[in-house]
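quick one, structure for this:
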Amino acid sequence: MTLLPAIELETGPKPDGTVIWLHGLGADGNDFAPIVPQLRLPTSMAIRFIFPHAPTMPVTVNGGFVMPAWYDIFEMKIDRKIDEPGILASAKAIGGFIDQELSRGIDGKRLVIAGFSQGGAVAYHLALSHPTALGGLLAMSTYLATADTLTYNPANKEIPIKIQHGIHDPVVPEALGRKSAARLKQEGYQVGYQSYPMEHAVCPEQIHDISKWLQTVLR
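As a prediction, the model looks like this:
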């Protein structure tokens with residue numbers, strides 16, 4: 001499989017852990033790459049961060065304008081009608097990065113999947129259905145789009161899940177974040193949920209919390 005273009009950053013030589021981080025609609029891998037130094041991870045942690053670029057496609061809700069997107073958005077109520085084939089295709093494409101990291105010698109338990117907004121919907125589907133036990137799932141300002149069709153893989157029944165959302169989010173309402181957390185708890189997952197006084201964004205307090213969480217799951 002030919003991998004999507006991506007930015008790679010390493011916090012130290014010979015990384016023994018990887019974070020694959022997916023951006024939101026209309027952005028690209030550069031959107032979150034600057035967050036790596038802001039995480040202020042200990043110098044003892046050698047982590048590889050991979051920020052893939054989504055392919056470009058027409059997005060219905062934006063009048064068919066072509067932009068980077070992991071899948072199509074059909075209407076403003078984003079959870080009403082889901083582009084499931086698009087999510088599945090993107091999950092498969094990002095799965096290629098998991099395969100790459102495993103072939104590089106990274107243990108699956110030291111591999112975290114992170115995603116913001118659209119990227120988070122793909123991250124949810126990929127991590128929860130993947131046959132290799134992974135190290136963590138970080139879902140930011142997003143929703144479990146494929147909740148009704150997702151086949152949960154037992155390999156990741158114990159995956160650490162962190163969900164974060166802005167309480168003033170006008171794009172992906174926080175109710176969808178809380179609904180996703182409730183659904184996963186119903187399915188038997190251990191879920192940590194944090195909310196912040198922000199809109200559809202990432203804030204300094206959240207970055208601090210992400211750093212602490214990564215240091216826990218990749219210690």
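
what segments of the protein are strands?
6-10, 17-22, 47-52, 56-59, 65-68, 111-116, 136-140, 161-166, 191-196 (DSSP state E).

next, format the ones you listed as a markdown table and append mean pLDDT.
Conversion of these to a markdown table gives the following (pLDDT from 0 to 100):
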| stretch | mean pLDDT |
| --- | --- |
| strand 6-10 | 98 |
| strand 17-22 | 98 |
| strand 47-52 | 98 |
| strand 56-59 | 97 |
| strand 65-68 | 98 |
| strand 111-116 | 98 |
| strand 136-140 | 98 |
| strand 161-166 | 98 |
| strand 191-196 | 98 |
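
compare those and give me the one nearest K77.
Nearest of the strands of the chain to K77, taken as Cβ to Cβ: strand 56-59 at 15.1 Å. Bear in mind the C-beta positions are built from the backbone N, C-alpha and C, glycine included.

centre of the chain to that closest one, how far?
20 Å (Cα atoms, centre = their mean, to the nearest Å).

cool, stretch 25-32 as well?
Worked out by Cα atoms, centre = their mean, stretch 25-32 lies 12 Å from the chain centre.

end to end on it, go ahead and measure it.
One end of stretch 25-32 sits 13 Å from the other (Cα to Cα, to the nearest Å).

still on that earlier bit, got the strands of the chain as JSON lines, with distance to A123 and mean neighbour count columns?
Shown next, in JSON lines, are the strands of the chain (distance: least, Cβ to Cβ, whole Å; neighbours: other Cβ atoms under 10 Å):
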{"stretch": "strand 6-10", "distance to A123": "15", "mean neighbour count": "16"}
{"stretch": "strand 17-22", "distance to A123": "6", "mean neighbour count": "27"}
{"stretch": "strand 47-52", "distance to A123": "11", "mean neighbour count": "24"}
{"stretch": "strand 56-59", "distance to A123": "19", "mean neighbour count": "16"}
{"stretch": "strand 65-68", "distance to A123": "16", "mean neighbour count": "14"}
{"stretch": "strand 111-116", "distance to A123": "3", "mean neighbour count": "27"}
{"stretch": "strand 136-140", "distance to A123": "6", "mean neighbour count": "26"}
{"stretch": "strand 161-166", "distance to A123": "10", "mean neighbour count": "24"}
{"stretch": "strand 191-196", "distance to A123": "14", "mean neighbour count": "16"}
